[in-house]
Structures are given as C-alpha cells and as structure tokens.
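model the following, please.
(chains A and B)
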Amino acid sequence: NAGVMQNPRHLVRRRGQEARLRCSPMKGHSHVYWYRQLPEEGLKFMVYLQKENIIDESGMPKERFSAEFPKEGPSILRIQQVVRGDSAAYFCASSLAQGRLNTEAFFGQGTRLTVV
Amino acid sequence: QQQVKQSPQSLIVQKGGISIINCAYENTAFDYFPWYQQFPGKGPALLIAIRPDVSEKKEGRFTISFNKSAKQFSLHIMDSQPGDSATYFCAASRGSGTYKYIFGTGTRLKVLA
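Sure, this is the predicted structure:
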C-alpha cells in the first residue's frame, strides 16, 4: 500500500511562473490537507479538502494560491505568478476519515519549491 | 493565542541519555497534542499523541508528559540513539476530527554515538 505520493519532489520556477504541486493520497483516503514549511520553521496549515470540496482554506493566501481535489486524480495546489517568498517545502497529508479515533493523517515527502 | 511555543531549538544528547523537548500553548480549546518526527528530506511522521484527559502516555522509549493547568506538554526520549537524530515537532488541534494542526517551530535533535 503506497503512502502519500507527492510530485514533483523538487520544483524550480522563475518569478512570475506558475507552480503546480500534486498529491495522491493513500488508497481509500478521501481527506487531504496541505501544509507549507518555510526554512527553519514549523508547518503551517493551508487548506483542507475532501473530494470535490474545499472544506477549510483559512490558511491559504487569498491571492495567487488555489487548491482542488477532483473526483478523479490527485489533489493539486496551484501557485500563480510565484515570488521568491513562495520558496518553501509544501507537504500534503491524507486521512481515511475526519475523526481521530481509528485513523491518523499520513504526510507525503513534500515538494520543495525554489523560486529564482 | 493560536501559537504553540517549542523549546529548545536544538539539542545535543549523548547516546543512552534522555532527550527532553518542551511545548507550551495558550488556547485552552486545544484537545489533541501529537508529536511528529521528521528526517531530512522526508515528511513528518506521527510519533505519539496525547489528549488532555491523560497526564502521561508512553510508547516504547517515547513518553509524553502533559500538564493541563500549566498548558505545557513535553516529549521524553529515553535511552536516546543516533537513529533518533531528527527534527521533532509538537502540534495542537481543537475540535473533533480536524487535522488543522498548529505546529511548533521544531527541535533539531542530534544524538552522539
């Protein structure tokens, strides 16, 4: 059973370009969470999605950032017109359900975005 | 009020020693406190977690101590090994069934052989 798969692992973009980060949750998981980790900092929640729905995007910048989790295919975090400050590691986590009693969230290995 | 403060920032321990990492929170609505372990280039992995109705939880060499009145919790790694060298993050969340964690800033642990 493969874990949470994120690709690409490393992404380099020039300022003003678009970055698309993909996350395939663990098999059977329908809840996806995106976090951002700046250098030497903890992870910061960005957005929580279920299939075809954004449940909580309170941690996501209002401009340039968007996320989706379609019925088929991976979850996508999209950053338009990237700036140097977007350089960070972006982690995706998935869970089987929303409760914690019988499940937990598993993190992927992250995508390290570098904006040059 | 949403912050989780973690200390120390870095820690060096001799093999066989005890590693202690502390976290403090302000929001009394938090009801779930996990610890994550992260190796370089990898994603965080859940190590151990505790709820505020319990003062201590032990799993193998890892123990969480929880002080509800002081709003503090700590991770103790007994008999620390070089393989434990990693970055450790505490976190907190509130409400049932949410993974909207507030993470601490991390502690970089190095265990000397």
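
can you list contacts of stretch B:17-24?
Contacts of stretch B:17-24 with the rest of the structure, by C-beta atoms under 8 Å, 6 or more residues apart in numbering or on different chains, involve B:4-8, B:11, B:13, B:33, B:70-80, B:84, B:88, B:90, B:92, B:104, B:107, B:109, B:111. C-betas here are computed from N, CA, C, even on glycine.

next, count neighbours for residue 22.
Here I'm looking at chain A. 16 (other C-beta atoms under 10 Å in any protein chain shown).

meant chain B actually
Neighbours of residue B:22 (other C-beta under 10 Å): 16.

make sure it is indeed in a helix.
No: secondary structure of residue B:22 (DSSP: H, G, I helix; E, B strand; the rest coil): strand, not part of a helix.

distance of it from residue B:76?
10 Å (C-beta to C-beta, to the nearest Å).

once you drop chain neighbours, what's closest to residue B:4?
Residue nearest to residue B:4 in three dimensions, not counting chain neighbours: residue B:104, with 4.6 Å by C-beta to C-beta, 6 or more residues apart in numbering or on different chains.

which ones are touching the one you found?
By C-beta under 8 Å, 6+ apart, the residues touching residue B:104 are A:42, B:4-6, B:23, B:89-91.

ok, residue A:92 touching residue A:33?
Yes: Residue A:92 is within contact range of residue A:33, at 7.0 Å (criterion: C-beta atoms under 8 Å).

just checking: what are the partner strands of the helix or strand of chain A with the lowest mean pLDDT?
Lowest by mean pLDDT, DSSP states H and E among the helices and strands of chain A is strand A:106-107, with a mean of 89. Take DSSP bridges as the rule and strand A:106-107 pairs in its sheet with strand A:88-95 (antiparallel).

from the middle of its chain, how far away would the strand it pairs with be?
Put simply, strand A:88-95 sits 5 Å off its chain's centre (C-alpha atoms, centre = their mean, to the nearest Å).

and the average pLDDT for it is what?
On average, the pLDDT along strand A:88-95 is 94.
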